[in-house]
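Engineer: structure for this input, please:
(one chain, ligands or ions: 1)
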Amino acid sequence: MRKPEIYKLIEKKEKEGILLVISAPSGAGKTTLCKMLVSEMEKAVFSVSLTSRKPRGAEKRGVDYEFVTEKEFKKRINEKTLLEWARVHGAYYGTSGEFVKRSLNKGKCVVLDIDVQGGMQVKRKIPEAVLIFILPPSMEELKRRLRKRRQNSEEEIEKRLENAYSEVEAAHKYDYYVLNRELKDAIAELKSIVKAQERKLKIP
Ligand code: 5GP
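Structural biologist: Numbers count the residues shown, from 1 in each chain. Predicted coordinates:
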């Protein structure tokens, strides 16, 4: 029997990966949500970024970040091996282009936990990337969460809040938003966005 085009398209789509960009102001629960997504979705992989900042708390090299010196980071910029990079809170952060390409070729759902500057660069280079913005329920709640975390000094919290305002102002440039009131609802919404993308027929 003849095979309608749609079945060929479905086969092709199943082999293709999805590039997921997840951004949020710090304290919105993005890191937790990204970790949950990767552990709960079989085909999801986390893209470990490069950064010139120092490790914090229990962060592990190669798991949370590849921690490099500023000199090494600049070398990577010059070698043009990064899909995107930006300076955030005074340090360099960037995504390995090679890892993303390799994972997409394996049909994975690649999760990038990056800032808005990086998100915009990815969208320009890879228009089919799906950009999701995680929003805290309110700015007051964000401030409360940042204080509770006790990871940063009061000065750092103020700096992060200031940064949060400009990040949130850019949220409308994203494809989707998720309001993180309850973790379990937010993760369910994230998964449904991925599912919708998997079922989408018209991709730019
Ligand atoms: P933190 O230092 O709190 O781990 O991250 C600070 C900010 O840098 C967060 O908004 C995080 O999403 C962003 N970030 C982490 N990795 C990357 C990256 O590879 N590229 C860009 N552009 N931002 C990143």
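
Engineer: tell me the pLDDT at the residue nearest the centre of the chain?
Structural biologist: Geometric centre of the chain, nearest residue: residue 113, 2.5 Å, by CA atoms, centre = their mean. pLDDT, residue 113: 97.

Engineer: the one 4 residues further on now?
Structural biologist: Per-residue confidence for residue 117 comes out at a pLDDT of 95.

Engineer: give me the number of residues near it?
Structural biologist: 16 (other CB atoms under 10 Å). Where C-beta positions appear, they are placed from N, C-alpha and C, glycine not excepted.

Engineer: wait, it touches residue 86, no?
Structural biologist: Yes: using CB atoms under 8 Å, residue 117 makes contact with residue 86 at a distance of 4.0 Å.

Engineer: got a list of what the closest residue to the residue nearest to the centre of the chain other than its chain neighbours touches?
Structural biologist: Spatial nearest neighbour of residue 113, excluding adjacent residues (CB to CB, 6 or more residues apart in numbering): residue 34 at 4.7 Å. If you count contacts by CB atoms under 8 Å, 6 or more residues apart in numbering, residue 34 has them with 22, 46, 111, 113.

Engineer: ok, so of those residues, who is nearest residue 70?
Structural biologist: Nearest to residue 70 among those, counting by CB to CB, is residue 113 at 21.0 Å.

Engineer: up against the ligand, what does the chain have?
Structural biologist: Proximity of the chain to the ligand is confined to 26, 49, 53, 84, 86, 88-89, 93-95, 113-115, 117-118 under the rule CB under 6 Å from any ligand atom.

Engineer: go again with 8 Å.
Structural biologist: 22-26, 30-31, 47, 49-51, 53, 56, 64-65, 84-86, 88-89, 91, 93-95, 112-115, 117-119, 121, 167 (CB under 8 Å from any ligand atom).

Engineer: checking the residue nearest to residue 113 next. Helix, strand or coil?
Structural biologist: helix (DSSP: H, G, I helix; E, B strand; the rest coil).

Engineer: and it, how far is that from residue 6?
Structural biologist: Applying CB to CB, to the nearest Å, the value for residue 34 to residue 6 is 32 Å.

Engineer: and whichever residue of the chain sits closest to the ligand, what does it touch?
Structural biologist: The ligand sits closest to residue 118 of the chain, with a gap of 2.5 Å, by CB to the nearest ligand atom. Applying CB under 8 Å, 6+ apart, we find residue 118 in contact with 21, 23, 84-86, 93-95, 112.

Engineer: ditto for residue 170
Structural biologist: 116, 120.

Engineer: buried sites along the helix or strand residue 95 falls within?
Structural biologist: Here residue 95 sits within strand 91-96, counting by DSSP states H and E. For strand 91-96, the neighbour count (16 or more other CB atoms under 10 Å) marks 92-96 as buried.

Engineer: can you list the helices and strands that the following helix or strand past that strand packs against?
Structural biologist: Using DSSP H and E, the helix or strand that follows strand 91-96 in sequence is helix 97-105. Judged by 3 or more CB pairs under 8 Å, 6 or more residues apart in numbering; DSSP states H and E, the packing partners of helix 97-105 are strand 18-23, strand 82-88, strand 109-113.
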